[in-house]
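[1] predicted model follows, preceded by the sequence.
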Amino acid sequence: MESRGKQPAFFFDFDGTLVNIAATPGDVRLKMITRQILEGIAEEYPVGVISGRKLDELKRLVGIRGLYYSGNHGVEIEGAGLDFVEPVSARSSAYITCLGKSMASALSKFSPRINSKKYSVSVHYRNVEASLVRGLLRRVDELLEEPLLKRQIEVFHGKKVVEIKAPVDWDKGKAIELICRKIGRNSVPVFFGDDTTDEYGFRAVNKIGGVSVFVGKRHRQTDARFWVKSPSELAGELAKFLFEA
Ligand SMILES: [Mg+2]
C-alpha cells in the first residue's frame with residue numbers, strides 16, 4: 001500500500017466495526033486476536049479509533065497505548081500530540097448533561113439505557129420491550145422538540161439508539177481530517193465504519209483520496225466504496241494485510 005511516498009493511516013469505528021454490537025453496550029469486549037492485530041498495525045502505521053462512546057470509555061475498551069482516540073463522534077480527540085475538544089461542544093457540556101438527567105427521569109417507565117457522555121447523550125433502546133419502542137420514540141420527540149426549535153441540540157438516529165449533541169459543524173470526517181493533518185501530508189486515511197455517523201467519515205476520506213470501507217450486511221445506502229461483511233471478516237483482512245505487508 002506504500003506507493004509514491006504515501007502511507008496509510010488506519011481509522012476504525014468501534015461498535016459494529018471492531019466488535020459485534022452487544023445487547024448491552026457495557027458488555028462489549030475487544031477480542032484478543034483483534035487487539036493483537038491492531039497492535040501489529042500500529043507498530044507500522046498510525047491508527048485511530050473514532051467512536052460515539054465517551055473518550056475514557058473507548059480508551060479503556062480498546063486498551064492499546066499510542067493510538068489516536070476520538071470519542072463522542074469526533075468531538076474529543078487524544079493521541080500523539082493531540083488533545084482536542086470541539087469548542088462549541090465544550091461550552092454546551094453542562095446543558096447537554098442536564099438534558100440527559102431530565103430525559104432519564106422522563107423516560108424511566110420505558111427503561112431505556114441512557115448514557116450521558118459529557119458532550120452528548122445517547123438513548124439506547126435495544127433492550128426496550130418491542131411494544132414500547134414507538135411510545136418511547138414519541139416521548140423522545142416530545143422532549144427534544146423545544147431544544148431542537150431553539151437550536152440547542154442536534155439529533156441523530158443510529159442502530160437502536162438516539163444520539164443528542166450540541167449543533168456543531170463537526171463529525172467523524174472532520175476528526176479524521178484533523179488527525180491526518182497532524183500525522184502529515186503523506187498519510188492516506190483508510191476508514192472502516194458501520195453506522196450512520198460513519199458516513200461523514202466515508203465522505204471525508206473519499207474526498208481526500210483515501211479508502212472507505214463499510215462493515216456489515218449491505219442493507220442500506222452508503223458512501224463507502226468498499227465492503228466487508230462483519231467485524232470478524234475485517235479482522236481477517238487486517239491480519240492478511242499485516243502478514244503480507
Ligand atoms: Mg459503529
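    It's in.

[2] in stretch 82-95, which residues are buried?
    Buried residues in stretch 82-95, defined by neighbour count with 16 or more other CB atoms under 10 Å: 82, 84-86, 89, 92-93. (Each C-beta comes from the backbone N, C-alpha and C, glycine too.)

[3] I should have written stretch 105-116 there, sorry.
    Neighbour-count burial for stretch 105-116 flags 107, 110, 112-116 (criterion: 16+ other CB under 10 Å).

[4] just the CA trace of the worst-scoring helix or strand of the chain on mean pLDDT, in CSV.
    Within the chain, no helix or strand scores below strand 154-158, which has a mean of 91 by mean pLDDT, DSSP states H and E. Coordinates of the C-alpha atoms in strand 154-158 are reproduced here as CSV (Å, rounded to 0.1, in the frame of the first residue of the first chain):
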residue,chain,number,x,y,z
GLU,A,154,-28.9,18.1,17.1
VAL,A,155,-30.3,14.6,17.0
PHE,A,156,-29.1,11.5,15.1
HIS,A,157,-30.7,8.1,14.9
GLY,A,158,-28.3,5.1,14.8
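
[5] which non-adjacent residue is nearest the residue in the chain positioned nearest to the ion?
    Of the residues in the chain, the one nearest the ion is residue 16, at a distance of 3.7 Å by CB to the ion. Spatially, and ignoring its direct neighbours in sequence, residue 16 is nearest to residue 194 (3.7 Å; CB to CB, 6 or more residues apart in numbering).

[6] how is this protein carved up into domains?
    According to automatic domain parsing, the chain comprises the domains 7-86+170-244, 94-165.

[7] quick one: the shortest one near the ion?
    No. With CB under 5 Å from the ion as the measure, domain 94-165 is seen stopping short of the ion, the closest distance being 7.3 Å.

[8] span of that domain from start to end?
    This stretch, domain 94-165, spans 12 Å end to end (CA to CA, to the nearest Å).

[9] stretch 6-22 too?
    36 Å.

[10] swap in stretch 49-58?
    Start-to-end, stretch 49-58 (CA to CA) is 8 Å.

[11] what does that stretch rub up against?
    11-15, 18, 25, 61-62, 67-74, 76, 78, 115, 117-118, 120, 122, 158, 161, 163, 172, 175-176, 195, 197, 201 (CB atoms under 8 Å, 6 or more residues apart in numbering).

[12] show me which residues of that stretch are buried.
    By neighbour count, with 16+ other CB under 10 Å as the criterion, the buried positions of stretch 49-58 are 49-55, 57-58.

[13] again with stretch 127-138
    Across stretch 127-138, burial judged by 16+ other CB under 10 Å covers 128, 136-137.

[14] pull out the buried positions in the host helix or strand of residue 9.
    In the assignment (DSSP states H and E), residue 9 maps to strand 7-12. Within strand 7-12, the residues that count as buried by 16+ other CB under 10 Å are 8-12.

[15] keep only the residues you listed that also lie close to the ion.
    Within the buried residues of strand 7-12, nothing lies near the ion by CB under 5 Å from the ion.
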